[in-house]
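Peer 1: based on what follows, work out the 3D shape:
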Amino acid sequence: MAYQSKDLSVLAYANGFTLWHYTTGDAAAAVDGAGYFNAAADMLRAGDIIIANVDAASAPKAGLFLVSTVSGGVVDVSDMTQVGGANTD
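Peer 2: Numbers count the residues shown, from 1 in each chain. From the prediction side, this is the model:
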């Protein structure tokens, strides 16, 4: 799959910082790949955080992506920091 603008939404905005939510069937490794969010370059800023639900269709995971840089229409996000761990129940 690829970035879908309909799946990116603002959760909060304050002092030049935006907290986003994004959901996708893509794996975290695809989402943090170079240029995945380029179509959103006009909205995202370095320092923004994206809360994401990834692998939604197969093995759902959740985590945080930090928007590292936005320059010349190119968006780079950090590797996902996963929230939660193995369910041992």
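Peer 1: count of residues packed around the nearest residue to residue 13 once chain neighbours are set aside?
Peer 2: Of all residues not flanking residue 13 in the chain, residue 19 sits nearest, at 7.5 Å (C-beta to C-beta, 6 or more residues apart in numbering). (Each C-beta comes from the backbone N, C-alpha and C, glycine too.) Counted with other C-beta atoms under 10 Å, residues neighbouring residue 19 total 14.
Peer 1: how near is residue 19 to residue 68?
Peer 2: 16 Å (C-beta to C-beta, to the nearest Å).
Peer 1: could you do residue 16 as well?
Peer 2: Distance of residue 16 to residue 68, given as C-beta to C-beta: 16 Å.
Peer 1: these two: who's more crowded?
Peer 2: A direct count of neighbours by other C-beta under 10 Å for residue 16 and residue 68 places residue 68 higher, at 14 against 8.
Peer 1: now do the SS call for the more buried one.
Peer 2: Look at residue 68: counting by DSSP: H, G, I helix; E, B strand; the rest coil, its state is strand.
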